[in-house]
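Enquirer: For reference, the sequence and a predicted model appear below.
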Amino acid sequence: MVSTKEMREAEGKEIRLYGVNGKIIQDHCCCYYWGEDEGEEPSLQIGKHWEIPQSQIERIEILD
């Protein structure tokens with residue numbers, strides 16, 4: 001699982017995201033969302049269609 005620091009650094013950049021399930025997504029990271037409530041985990045908005053929670057991200061590669 002990636003750190004919140006790595007997630008914040010990815011915001012606004014072209015990235016390749018490796019999921020814990022083996023899926024790879026390459027797209028623009030639009031936003032970093034922090035967990036506002038105690039039970040809510042941070043996530044990344046990837047492109048227009050993907051919001052990936054921190055626990056599902058194995059690693060992030062910044063491409064630009």
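Expert: It's in. Residues are numbered from 1 along each chain as shown.
Enquirer: drop to CA atoms for contacts and neighbour counts, all remaining ones
Expert: OK.
Enquirer: Look up how far Cys31 lies from Glu38.
Expert: 20 Å (Cα to Cα, to the nearest Å).
Enquirer: What segments of this structure are strands?
Expert: 14-19, 24-33, 43-46, 50-53, 57-62 (DSSP state E).
Enquirer: pLDDT averaged over the second one, what's the number?
Expert: With pLDDT averaged residue by residue, strand 24-33 scores 97.
Enquirer: what do you get for stretch 43-51?
Expert: 94.
Enquirer: start to end distance for that stretch?
Expert: 6 Å.
Enquirer: And for Glu36, the neighbour number?
Expert: Neighbours of Glu36 under the rule other Cα atoms under 10 Å: 9.
Enquirer: Sorry, wrong one. I was asking about Leu17.
Expert: With other Cα under 10 Å as criterion, Leu17 counts 24.
Enquirer: Who is it paired with across the strands?
Expert: Using DSSP bridges, the bridge partners assigned to Leu17 are Ile25, Ile60.
Enquirer: Next one: it from Glu36, what distance?
Expert: If you go by Cα to Cα, the gap between Leu17 and Glu36 works out to 23 Å.
Enquirer: Can you name the residues that contact the residue nearest to the spatial centre of the chain?
Expert: For the chain, the residue nearest the mean C-alpha position is Leu44 (3.6 Å; Cα atoms, centre = their mean). By Cα atoms under 8 Å, 6 or more residues apart in numbering, Leu44 lies in contact with Met7, Glu11, Cys29, Cys30, Cys31, Tyr32, Tyr33, Trp50, Glu51, Ile52, Pro53, Gln54.
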